[in-house]
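Colleague: Provide a 3D model corresponding to the input given below.
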Amino acid sequence: MIKTMNTFEVRTLAETLITKWDDQKMDVHVSGKALFRIMGVKKTLENHLRTIGDTLNLMATQHGGEPQANGQFKIPNEQIEDLNKELADFYATEIDIEFTPITLSETDELPVDLMEALYDFIEMAE
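Modeller: Numbers count the residues shown, from 1 in each chain. I've put the predicted structure just below:
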């Protein structure tokens, strides 16, 4: 299947899923098949997040940004407006996320935060 999301949604979802997964993975009790599919969605989103981060760094650099110790960039004041326009366009860009649906049964247990993050990728078994 394919789910189309804009770049901002992909970034937000990936960051949320990674954080929730790290905090709650020990509370996941699903079949091996479902776990495999969860991991597939997670890896796909992580790859997109890496590409998004690389693109944002490139955009900042192209606008004279100087890397700071905290990982952010200091953008010259005269470049901020142009960069913000480019960022708005970039974040509106659509990305197709290819995935195999995560099939859960009534006996599978997934923490609510993870269920919420993965909701659009889950289907319930009949």
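Colleague: neighbours around Ala34, how many?
Modeller: 20 (other Cβ atoms under 10 Å). C-betas here are computed from N, CA, C, even on glycine.
Colleague: hey, which helix is longest across this protein?
Modeller: helix 32-62 (DSSP state H).
Colleague: packing partners for that one?
Modeller: In terms of contacts (3 or more Cβ pairs under 8 Å, 6 or more residues apart in numbering; DSSP states H and E), helix 32-62 is packed against helix 7-24, strand 73-74, helix 77-92, strand 94-98, strand 102-104.
Colleague: deepest of those, which one?
Modeller: Mean neighbour count (mean count of other Cβ atoms under 10 Å) peaks for strand 102-104 among these, with a mean of 20.
Colleague: Now do the buried residues in the following helix or strand past that one.
Modeller: Per DSSP states H and E, the first helix or strand lying C-terminal to strand 102-104 is helix 112-118. By neighbour count on 16 or more other Cβ atoms under 10 Å, the buried set for helix 112-118 is Asp113, Leu114, Met115, Ala117, Leu118.
Colleague: and which of the residues you listed is nearest His63?
Modeller: Using Cβ to Cβ, Ala117 is the member of those that lies nearest His63, at 31.9 Å.
Colleague: State the distance from the closest one to Pro111.
Modeller: 10 Å (Cβ to Cβ, to the nearest Å).
Colleague: Would you mind listing the residues touching both of these two?
Modeller: Lys20 (Cβ atoms under 8 Å, 6 or more residues apart in numbering).
Colleague: just to revisit the earlier point, for the longest helix of the chain, what does the pLDDT average out to?
Modeller: Taken as a whole, helix 32-62 has a mean pLDDT of 97.
Colleague: and whatever helix or strand comes next after that helix, how far from the chain's centre?
Modeller: Next helix or strand after helix 32-62 toward the C-terminus (DSSP H and E): strand 66-67. Computed by Cα atoms, centre = their mean, to the nearest Å, the chain-centroid distance of strand 66-67 equals 24 Å.
Colleague: All set, thanks.
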